[in-house]
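Colleague: This is a predicted model, with the sequence first.
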Amino acid sequence: MLSNFANVFKVPELRNKIIFTLTMFAIFRMLAHIPVPGVNPSVIEQLFNSGNLFGLLDMFSGGALSKFSVVAMSITPYINASIILQLLKVVVPTLEQWSKEGEEGFKKTNQLTRQFTVILCFFQAFGMAYGLRMAINNPGILSMSMIALTLTAGTMLLMWIGEQMTAKGLGNGISLIIFAGIVSRMPDGVKILLQYLNAGTVSLVNVILFIVIALSAIGFVVMISEGIRKVPIQYAKRVVGHKSYGGSSSYLPLKVNQANVMPIIFASSVLMFPSTIAQFVDTPAVKTFADYFRWGTPLQTTLYLLMIFFFTYFYTAVALNITELSDNLKKNGGFVPGIRPGQATVDYLDGVMSRITLAGALFLAVLAFMPNVIAWITHIEGIYFGGTALLIVVGVALETLKQAESMVIMRHYHGFMG
């Protein structure tokens, strides 16, 4: 295994990509420790211990938000802009047309995403500065505007770094930035665990149990993330001149977890919004209303579960166009054995996708409640081992390893994943 893994560094191109990616990681972590001028970080850190929306964003930024660094917004506005444009593609004909224009359409969409990111990031940053104005040394419109511009510049710099990592590094740069932010929190978790063990707060049995559950969860996530439903496809045989084409059999891979981690993020963001607003609005009625949505209450738990199912089906329907998929099969002479092309194929694929999406939604629900279950079983508090972070880390790691594996095999070396 080690000898196979060493093949990675025998490929000069791949070795340079790895070095470039690690260098960008180092720059990102350096930026995460440069504070925004004119802000009192100690006041802000107190807001991240109450499970609000900022706490969720802080996880993706690798702690940059709780430090209120120049990259406190992380790459989140870019992701939000991408998701919004992807959803608008369903109702805006121009965006849908661009998605069918290949490389040229991708460039137009990417340019629009960048422009929308700047606007979205500035308004989000200004709103954050206004909400955290008690931590600003000299609160005022000018100070908040300068902070918003600083945060916007930081996000755009991260976006540029991500694009450079995609072009010159290994893997998807935007995903790797989120990956690096989440993984950077691991040493703090290990430190807390060792402190608990030394202080006698938890026993060695609890720690071993925690590790076993964590490793089992990783294996479970890998299994479901790679899980697909193979729909058999038969291609009709065509004779052109003296040559015959088609007549082969293949399959259509439908992912069990097509929506990935998005449903959990959407559901968490919506349900954390009331408690986050209540921190900045000193009104008894608002605070009473927010108490109903506190983490762990029966109402919050029920809505959380229902929203995960809703967003799983909704995002899957947006991300995977069954009608377009069926049309592409028909154009290429492909059909599902025993199913007539056209509407019958659409209905069949829609039924298959609905069933496996149910399994994906159940999987995401289990991941969403994983931190509560682990804390209840191991009695270890204060260490976040959530399904959201785990799913992102595993997904990005698998995709990056697959890219490296393909590059190694192309150079006639043995792979390292097999």
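Modeller: That came through fine.
Colleague: Quick check: buried residues in the helix or strand encompassing residue 22?
Modeller: Per DSSP states H and E, residue 22 falls inside helix 12-31. Buried residues in helix 12-31, defined by neighbour count with 16 or more other C-beta atoms under 10 Å: 14, 17-18, 20-21, 24-25, 28-29, 31. All C-beta atoms are positioned from the backbone trio N, CA, C, and that covers glycine.
Colleague: Kindly spell out which helices and strands sit in contact with that helix.
Modeller: Contact here means 3 or more C-beta pairs under 8 Å, 6 or more residues apart in numbering; DSSP states H and E; on that basis helix 12-31 packs against helix 141-168, helix 173-183, helix 387-410.
Colleague: For that helix, what does the pLDDT average out to?
Modeller: Helix 12-31 shows a mean pLDDT of 88 in the predicted model.
Colleague: CA atoms of it as PDB?
Modeller: Coordinates of the C-alpha atoms in helix 12-31 are reproduced here as PDB (Å, rounded to 0.1, in the frame of the first residue of the first chain):
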ATOM      1  CA  PRO A  12       6.200  15.300 -11.600                       C
ATOM      2  CA  GLU A  13       2.900  16.900 -12.700                       C
ATOM      3  CA  LEU A  14       1.000  15.400  -9.800                       C
ATOM      4  CA  ARG A  15       3.800  16.200  -7.300                       C
ATOM      5  CA  ASN A  16       3.700  19.900  -8.400                       C
ATOM      6  CA  LYS A  17       0.000  20.000  -8.100                       C
ATOM      7  CA  ILE A  18       0.100  18.600  -4.500                       C
ATOM      8  CA  ILE A  19       2.800  21.100  -3.500                       C
ATOM      9  CA  PHE A  20       0.800  24.000  -5.000                       C
ATOM     10  CA  THR A  21      -2.300  22.900  -3.200                       C
ATOM     11  CA  LEU A  22      -0.500  22.600   0.200                       C
ATOM     12  CA  THR A  23       1.000  26.100  -0.400                       C
ATOM     13  CA  MET A  24      -2.500  27.500  -1.000                       C
ATOM     14  CA  PHE A  25      -3.700  25.700   2.200                       C
ATOM     15  CA  ALA A  26      -0.900  27.500   4.200                       C
ATOM     16  CA  ILE A  27      -1.900  30.900   2.700                       C
ATOM     17  CA  PHE A  28      -5.500  30.300   3.600                       C
ATOM     18  CA  ARG A  29      -4.700  29.400   7.200                       C
ATOM     19  CA  MET A  30      -2.400  32.400   7.500                       C
ATOM     20  CA  LEU A  31      -5.200  34.700   6.300                       C
END
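Colleague: Contacts for that helix, please.
Modeller: For helix 12-31, contacts defined as C-beta atoms under 8 Å, 6 or more residues apart in numbering pick out 8-9, 62, 64, 69-71, 154, 157-158, 161, 164-165, 168-171, 173, 176-177, 180-181, 184, 404, 407-408, 411.
Colleague: List phi and psi for residue 232.
Modeller: Residue 232 adopts backbone torsions of phi -60, psi 140, taken as degrees, to the nearest 10.
Colleague: can you pull out the strands in the protein?
Modeller: Applying DSSP state E to the chain gives strands spanning 228-235, 238-240, 243-245, 249-255, 334-335.
Colleague: List the contacts of the longest one.
Modeller: For strand 228-235, the surrounding residues in contact (C-beta under 8 Å, 6+ apart) are 246-256, 329, 332-337, 349, 352, 356.
Colleague: Against which helices or strands is the biggest helix by length in the chain packed?
Modeller: Determined from DSSP state H, the single longest helix within the chain is helix 102-131. Helix 102-131 sits against helix 76-88, helix 93-98, helix 141-168, with contacts defined as 3+ C-beta pairs under 8 Å, 6+ apart.
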